[in-house]
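**Student:** Take a look and give me a structure for this.
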Amino acid sequence: MNRECATQRKRCDETPAWQLLQQHYDAEGRSLDLRAAFADDAARLDQFSQQAPHLLADLSKNLIDRQSEQLLLQLARDCGLEQARDAMFAGAEVNASEGRAAMHWLLRQPANGLESWLPDSPAFVREALADVHDSLAQMLALAEQVRANPQITDIVNIGIGGSDLGPAMVVNALEDWRIAGKRFHFVSNVDGHELGHVLAQTRPESTLFLVASKSFTTLETMVNAHSARDWFLAQGGSDDRSAALSISKHFWALTTNTEAAAAFGIDTTLGFWDWVGGRYSLWSVIGLPIAIAVGVESFRALLQGAHDMDVHFKTAPLAQNLPVRLGLLDIWYRNFQGFATRCVAPYSHGLRRLSAYLQQLEMESNGKGRDVHNQPLPYATSPVVWGEPGTNGQHAFFQMIHQGRDVIPVEFIAAREGGKNLASHQNNLVINAIAQAQALLVGRTEEQGPKYCPGNRPSTFLLMDKLTPTSLGALIALYEHRVFVSGALWGINSFDQWGVELGKQLAKDLFARRDQGDWQGVDPSTVALVSRLAP
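**Tutor:** This is a model prediction of the structure:
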């Protein structure tokens, strides 16, 4: 496999552009006033807005000027961003610490047309594409089988992390496309209240459980899966594969560990590849609940939207490349402006789970303090990503964003057209979003006393024509590539997550120590807390 040599690329703070950015920030960036910037530059909106696949981005209300953007683009070139991007699209081992490629983009590549935008794809990428489409066809066939079965009314997805957040977010977002007569439940928390609440609503004969774990060993997923299995058997189900109400008919697995799934009683399994990271897996067989919910045509439209953004990211010049511009803005805000958080405010009920999904995508990918060479970083990386749908947020945390001492960039996401239900509300909804962005910009003067808002608060506005499978796919891929851009410049590996793995390992160790009564070398706080648990 082609390898990407990270040692040949510079870390952002090692480039001349980094020093120039610091000088520009000290001289002008620190005191930039957006109201004056609009007054001084009649073309500011044109300069900082652009159309990308399936959405329009207005970046003009961000604390950035032409010079800072040019220096950020130079920073990207100095760091070899284009080479890093091209390495990912060539199937190189960009996940160096685990010796893996990151080819989630291949999961949404149509069967034909690879040569039109990746003409130099190595043979193993073309071979992998054939496997991808074989897997996709198998998954979509199973999805249609479930959709056509009126006896199955409840689909329960048991997973965690990427096996839960992505599918749950998309199924919620595409509720206008969901099949009637079926309910979708997502269980991730090992807290028994969540699974218990779902089981109380379902019947074994009409429920299909999807156990989503690549290894079929993920602690939370397997605890929930075994509890669901116990419930199924207690309700009259059977582990006899020939029985009408059998585990094999009502439990399917999305895993590569077919032996463990078979031992559980599962015969129907769908696998995927080690180059599919969990937080990038909704495009793979992990997306089975999505395909059941919305059907073949809509699932393919979701893939197409993401593919359109892939092509844009790979082929558009850096200065007109939206994932690049957003990723560079993240560098500017985190490392020069010193902004520690970013609020995501989707003015869409369908996107109510988007911020939770983006928390994993961004903070698990880029929340790291060491570079690819395991050297401590002298700067911060991922911001804290958070938010709630509008207009709810306006009546909660927006007060702090308008008048608090912390400057918090806001990302507004809206659609020009509404959905199936009460579409007449849409103008009211979106004008509220536009007004909030305007209020952050203009503020209120001190002469108005306690109503004073400083203004000059930054925001980005992403506008879709309509929330559809295609535009949603493009939006998700936009965020994926944005994370790659900032991670590449920070010199970190955006595709591993050793902090997550540490917690898993220590939890297993605590179970073993509790059973053996061996607490040697364990801190007294941990011992005391475990000792207080019920037997």
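**Student:** any weak-confidence spans in this protein?
**Tutor:** Residue ranges of the chain with pLDDT under 70: 1-8.
**Student:** redo that, cut-off 50
**Tutor:** Along the chain, segments meeting pLDDT under 50 span 1-7.
**Student:** measure the nearest residue to residue 80 once chain neighbours are set aside to residue 210 for me?
**Tutor:** Of all residues not flanking residue 80 in the chain, residue 9 sits nearest, at 3.9 Å (CB to CB, 6 or more residues apart in numbering). No exception for glycine: its C-beta is placed from N, CA and C like everyone else's. Distance from residue 9 to residue 210, counting by CB to CB, to the nearest Å: 40 Å.
**Student:** quick one: which of the two has more around it?
**Tutor:** More neighbours surround residue 210 than the other of residue 9 and residue 210, with 25 against 19 (other CB atoms under 10 Å).
**Student:** Which element, helix or strand, includes the more buried one?
**Tutor:** strand 207-212 (DSSP states H and E).
**Student:** What angle do strand 207-212 and the very next helix or strand once past that strand make with each other?
**Tutor:** Proceeding N to C from strand 207-212, the next assigned helix or strand is helix 219-234, under DSSP H and E. Calculated by axes from the mean of the first three to the mean of the last three CA atoms, to 10 degrees, helix 219-234 forms an angle of 160 degrees with strand 207-212.
**Student:** could you say what helices and strands helix 219-234 packs with?
**Tutor:** Contact here means 3 or more CB pairs under 8 Å, 6 or more residues apart in numbering; DSSP states H and E; on that basis helix 219-234 packs against strand 154-158, helix 192-199, strand 207-212, helix 247-250, strand 251-254, helix 498-516.
**Student:** Is it correct that residue 420 is in contact with residue 174?
**Tutor:** No - using CB atoms under 8 Å as the test, residue 420 is too far from residue 174 to be in contact (11.4 Å).
**Student:** Between those two, point out the one with more neighbours.
**Tutor:** Neighbour comparison, residue 420 and residue 174: the larger count goes to residue 174, with 22 against 8 (by other CB under 10 Å).
**Student:** Relative to residue 108, how far out is that one?
**Tutor:** For residue 174, the distance to residue 108 - CB to CB - is 16 Å.
**Student:** Tell me who's in contact with residue 86.
**Tutor:** residue 314 (CB atoms under 8 Å, 6 or more residues apart in numbering).
**Student:** what's the closest non-adjacent residue to residue 172?
**Tutor:** Leaving aside its sequence neighbours, residue 172 sits nearest to residue 353 (CB to CB, 6+ apart; 5.2 Å).
**Student:** Helices of the stretch 1-150 of the chain, residue ranges please.
**Tutor:** Using DSSP state H, counting those that start in this stretch, the helices of the stretch 1-150 of the chain run over 16-27, 34-40, 44-47, 66-78, 81-89, 114-117, 123-147.
**Student:** Show me what the second one is packed up against.
**Tutor:** Under the contact definition 3+ CB pairs under 8 Å, 6+ apart, helix 34-40 sits against helix 44-47, helix 426-442.
**Student:** If you count neighbours, what's buried in it?
**Tutor:** By neighbour count on 16 or more other CB atoms under 10 Å, the buried set for helix 34-40 is 34, 37.
**Student:** so where does the nearest residue to residue 519 once chain neighbours are set aside fall, helix or strand?
**Tutor:** Spatial nearest neighbour of residue 519, chain neighbours left out: residue 527 (4.8 Å); criterion: CB to CB, 6+ apart. Assigned by DSSP H and E, residue 527 belongs to helix 524-531.
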